[in-house]
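> Sharing a model prediction with you, sequence too.
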Amino acid sequence: MTIILCFFVSLLAFAAQQEKRFGNLKVVLHDVSLTHSLYFIDAQTEKTFPIFDTIDASSNNRFYLQTDLMMYSLAKSSGVLGSQQFTENGFQVLYEIKDIATILFDYVFSASPGRNADDFDLLSLSVHLVNKAKKSQNFALKAVFDTHLGEKTQTHFSTQLEPLIKTEMNFSRLVEEGWIKSSDGLRSIQFNFPESAFSPSHARLANKDFVLAQTWDINGLTGRSFNSVYSYNNSAVALYWAAQKTDPEKTALFQLSLSFAQDGLDPYRVVSAKVENQKISEPVLEKPSLDTTIIEEKSGLEEPLDDLSVQAENPYAYTKSITSDQLDKAYIEALLAKIEALENEDTSLDRTELLKLNAELDAILEFLRK
């Protein structure tokens, strides 16, 4: 079945970023990296306070897609095609990995019970992934959020069962933990874990540099401080969704619930997946006010004019024959590591070299799929 996704993309070629207010929350969309930043807005002073670390807009939140063959970083610098837009009560981000999957991230703000309808304190995420490969695949999702509110206190995080978390921890029973909260005492963000097959199955609290690695690092060290060689007292939340086997042109669903609070109040805890699902709008698959685009036709997924990292037309297509050495696991891992290293060099990114390496990687994966 052909899935028609509607996306308004004409402004993306001209704007480096977009922003919109939702009650006392603000969202900034970074079009070049296809990431976003969230801010609290003080109701009295109108001053903004970042919810996640803003030092690096491309990594304050990052998603990874795990397939049967490899893991993809969902970012334009990794050669992933995409675009994003604001909606009436949220925003959407659309990614395409050629011949692998299209992934629609649908974020919707809402108000918890007892609040005015426009007094938003909840954010629901639904990820709709369509398998574009020719055979069934297992898809799993990883997310990294560079939290910083708790770094200002002695307690980086808390859960229902662990009120004081000062060192790295792993969680495999998230429903029992109930939530993971990062708070500076005045403002809080909370990741809620209602019982649902579509919610994260595992979580890891660790230094940002460790969890941002393009690996399925579900079991890290415990009891270690939130320090690394590159950063001090820099904690982050990594969430992992269990793999879903998905047939060609079928859809896998992943969900996440966030809640926010200011003025020293506790965030609302979402305990029922059913209640939360009622607040999640359907993905924009057909909407007359927006341009419609068939995913197979890439013309509707426009990239910024100055961004050479997308897949659209790679002038460095790999035309050599694939050798047995290139199919070796160690070779592929080294290739991935080099790509990751280039992506992390934000100030001196060699896009030509990145394109060449991604083209070689695509050629190897295409060979393996045959």
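Sure, I can see it. A quick note: this is a predicted structure, and the numbers were derived from the prediction, not measured.
> nearest spatial neighbour of Gln326, skipping sequence neighbours?
Nearest residue to Gln326 in three dimensions, chain neighbours excluded: Ile364, at 5.5 Å (CB to CB, 6 or more residues apart in numbering). C-betas here are computed from N, CA, C, even on glycine.
> Now do the helix or strand containing the one you found, average pLDDT.
Using DSSP states H and E, Ile364 maps to helix 351-369. Mean pLDDT, computed over helix 351-369, is 75.
> likewise stretch 175-191?
96.
> Kindly report the same for stretch 236-256.
The average pLDDT within stretch 236-256 is 96.
> same thing with stretch 72-85?
Taken as a whole, stretch 72-85 has an average pLDDT of 87.
> repeat for stretch 121-131
97.
> Equivalent analysis for stretch 105-112, please.
Averaging pLDDT along stretch 105-112 gives 96.
> What strand or helix carries the nearest residue to Gln84 once chain neighbours are set aside?
Once flanking residues are discounted, Gln84 sits nearest to Val93: 4.3 Å by CB to CB, 6+ apart. Here Val93, judged by DSSP H and E, is contained in strand 90-97.
> Between the two ends of stretch 86-106, how far is it?
For stretch 86-106, the separation between the terminal residues is 10 Å (CA to CA, to the nearest Å).
> list the buried ones in it?
Within stretch 86-106, the residues that qualify as buried are 86-87, 89-98, 100-106, counting by 16 or more other CB atoms under 10 Å.
> can you check stretch 108-120 too?
Across stretch 108-120, burial judged by 16+ other CB under 10 Å covers Val108, Phe109, Ser110, Ala111, Ser112, Phe120.
> again, but for stretch 67-75
Thr67, Met70, Tyr72, Ser73, Leu74, Ala75.
> Same check on stretch 233-244?
Buried residues in stretch 233-244, counting neighbours by 16+ other CB under 10 Å, are found at Asn234, Ser235, Ala236, Val237, Ala238, Leu239, Tyr240, Trp241, Ala243, Gln244.
> where does the stretch 201-350 of the chain dip in pLDDT?
Within the stretch 201-350 of the chain, the ranges that satisfy pLDDT under 70 run 229, 273-316, 340-350.
> So which residues of it form helices?
Here the stretch 201-350 of the chain has its helices, by DSSP state H, counting those that start in this stretch, at 208-211, 273-279, 329-344.
> Lys135 reaches Pro248, doesn't it?
Yes: assessed by CB atoms under 8 Å, Lys135 is found in contact with Pro248 at 6.6 Å.
> And these two? Which one has more around it.
Pro248 (13 against 9; other CB atoms under 10 Å).
> Spit out the contact partners of that one.
Contacts for Pro248 (CB atoms under 8 Å, 6 or more residues apart in numbering) come out as Asn131, Lys132, Ala133, Lys134, Lys135, Ser136.
> rerun at 6 Å
By CB atoms under 6 Å, 6 or more residues apart in numbering, the contact list for Pro248 reads Asn131.
> Gly220 too?
Listed by CB under 6 Å, 6+ apart, the contact set of Gly220 reads Arg204, Ala206.
> Numbering from 44 from now on, please.
All right, first residue 44 from here; so that's Gly263.
> Look up how far Leu217 lies from it.
The gap separating Gly263 from Leu217 is 16 Å, by CB to CB, to the nearest Å.
> does His171 have beta-bridge partners, and which?
Bridge pairing for His171 (DSSP bridges) gives the partners Leu147, Leu296.
> Pretty sure it sits against Thr145.
No: if you go by CB atoms under 6 Å, His171 and Thr145 don't touch, sitting 8.6 Å apart.
> just the strands in the stretch 144-293 of the chain please.
Remark: strands assigned in the stretch 144-293 of the chain by DSSP state E, counting those that start in this stretch are 144-153, 165-174, 180-188, 201-202, 212-214, 222-226, 231-235, 245-250, 278-289.
> and of those, who's closest to Gln87?
Nearest to Gln87, of all these, is strand 231-235, at 18.1 Å by CB to CB.
> Flag every buried residue along the closest one.
Buried-residue list, strand 231-235, by 16+ other CB under 10 Å: Ser231, Ile232, Gln233, Phe234, Asn235.
> And the contacts of that strand?
Where contact means CB under 6 Å, 6+ apart, the residues beyond strand 231-235 that reach it are Ile94, Trp222, Ile223, Lys224, Ser225, Ser300, Ser302, Phe303, Ala304, Pro310, Val313.
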